[in-house]
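Engineer: predicted model and sequence below, questions to follow.
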Amino acid sequence: MIALSVNVNKVALLRNSRDTVIPSVVDYALRCIHYGAHGITVHPRPDQRHIRVDDCYALKQALSVELNIEGNPFSPPMPSTRKGVSDYPGFMPLVDAIRPAQCTLVPDANDQLTSDHGFDLERDADKLRPILQQLKEWGVRSSIFVDPNPSTVALAADLGADRVELYTETFAREFEQGRGQQSLELFARTAEAAYEAGLEINAGHDLNLDNLSLFSDLPHLAEVSIGHALTADALYLGLEQTISQYLAALKTA
Ligand SMILES: CC(=O)[C@@H](O)[C@H](O)COP(=O)(O)O
Ligand SMILES: NCC(=O)COP(=O)(O)O
């Protein structure tokens, strides 16, 4: 079985556009689980523009399924600029406080719009090793966000990671151009090399209802985390009932 972990960043982004709690990130996450999702993913960034520190605490408390926290382990503390929102303590202090089931290390710059590359395992080895050791001591399963590369992925196991998350943006773009099958082959060779090295395999970024069925053929795939497209699809797929309920409230149905 391939686990679906729903990334709730975009729900927080919508919530943050007002000083209200609509939509509730925790309520949305609980509904995802009620409808069959297996876990919840968040990617807090230092500016807390979507998921906030307080969301991480609330999700940890509310969830009985796996919470996956993604982020740059080297991101420093940052004061909050918004009233009533806690300061960002830095990524590793946050993970220490929350102790999620899984922590995915992503090399995002602080001001990056979204994740756009994986770690360079050769260049960043010495920086990553103590981070992975720390996660092990905390009992947090570790995963490293990587670009598909069959010749370097095994290094993640040498560094002490439990899993890798394959960054699937290139697959999504190639799929749109009709080259999904060719692109999947590179991912499959990377997955085989990772599996041979003893790693478990996650994947994510820009997976959607069009490309997911093909991607789910990836060998040894344990988990996908999906947020952006899934949130947009929930808007579309829930629209009919929503419009009809608003019309009923107006007594014009
Ligand atoms: C690591 C990764 O690919 C996701 O966490 C991605 O960053 C989605 O979150 P955002 O859409 O908030 O960037
Ligand atoms: N790790 C990928 C993730 O959490 C969600 O990525 P996306 O579906 O929002 O592109």
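Structural biologist: Arrived safely. Residues are numbered from 1 along each chain as shown. Ligands and ions are numbered 1, 2, ... in the order given.

Engineer: report the separation between the closest residue to residue 216 other than its chain neighbours and ligand 2.
Structural biologist: Spatially, and ignoring its direct neighbours in sequence, residue 216 is nearest to residue 2 (5.9 Å; Cβ to Cβ, 6 or more residues apart in numbering). Where C-beta positions appear, they are placed from N, C-alpha and C, glycine not excepted. Between residue 2 and ligand 2 the computed distance is 14 Å (Cβ to the nearest ligand atom, to the nearest Å).

Engineer: just the pLDDT for residue 2.
Structural biologist: We note a pLDDT of 98 for residue 2 in this prediction.

Engineer: just to check, it is in contact with residue 225?
Structural biologist: No: in this structure, residue 2 sits apart from residue 225 without contact. The criterion is Cβ atoms under 8 Å, and the distance is 11.2 Å.

Engineer: compare those two (neighbour count), which wins?
Structural biologist: Counting neighbours by other Cβ atoms under 10 Å for residue 2 and for residue 225 shows that residue 225 has the greater number, 27 against 16.

Engineer: what's near enough to touch the residue nearest to residue 216?
Structural biologist: Residues in contact with residue 2 (Cβ atoms under 8 Å, 6 or more residues apart in numbering) are 216, 221, 222, 223, 224.

Engineer: what about whatever residue of the stretch 101-250 of the chain ends up closest to ligand 2, how many neighbours?
Structural biologist: Residue nearest to ligand 2 within the stretch 101-250 of the chain (Cβ to the nearest ligand atom): residue 204, separated by 2.8 Å. The burial metric for residue 204, expressed as a neighbour count using other Cβ under 10 Å, is 26.

Engineer: likewise for residue 93?
Structural biologist: A total of 13 residues lie near residue 93 under the criterion other Cβ under 10 Å.

Engineer: surely it forms part of a strand?
Structural biologist: No: when the secondary structure is assigned by DSSP: H, G, I helix; E, B strand; the rest coil, residue 93 falls in helix instead of a strand.

Engineer: now it: how far from residue 99?
Structural biologist: Distance of residue 93 to residue 99, given as Cβ to Cβ, to the nearest Å: 12 Å.

Engineer: kindly report the same for residue 41.
Structural biologist: Taking Cβ to Cβ as the criterion, residue 41 is separated from residue 99 by 16 Å.

Engineer: the more surrounded of these two?
Structural biologist: Taking residue 41 and residue 99 together and counting by other Cβ under 10 Å, residue 41 has the greater number of neighbours (30 against 14).

Engineer: hmm, that one is touching residue 7, no?
Structural biologist: Yes: using Cβ under 8 Å, residue 41 makes contact with residue 7 at a distance of 4.2 Å.

Engineer: ok, the residue of the stretch 101-250 of the chain closest to ligand 2 touching residue 225?
Structural biologist: Yes: the pair residue 204 and residue 225 passes the contact test of Cβ under 8 Å, sitting 4.0 Å apart.

Engineer: re the thing from before, look at the residue of the stretch 101-250 of the chain closest to ligand 2 and report its pLDDT.
Structural biologist: pLDDT for residue 204: 98.

Engineer: so who does it touch?
Structural biologist: Neighbouring residues of residue 204 by Cβ under 8 Å, 6+ apart: 7, 41, 165, 166, 167, 168, 224, 225, 226.

Engineer: of the residues you listed, list those near ligand 1.
Structural biologist: Counting by Cβ under 6 Å from any ligand atom, residue 7 from the contacts of residue 204 sit close to ligand 1.
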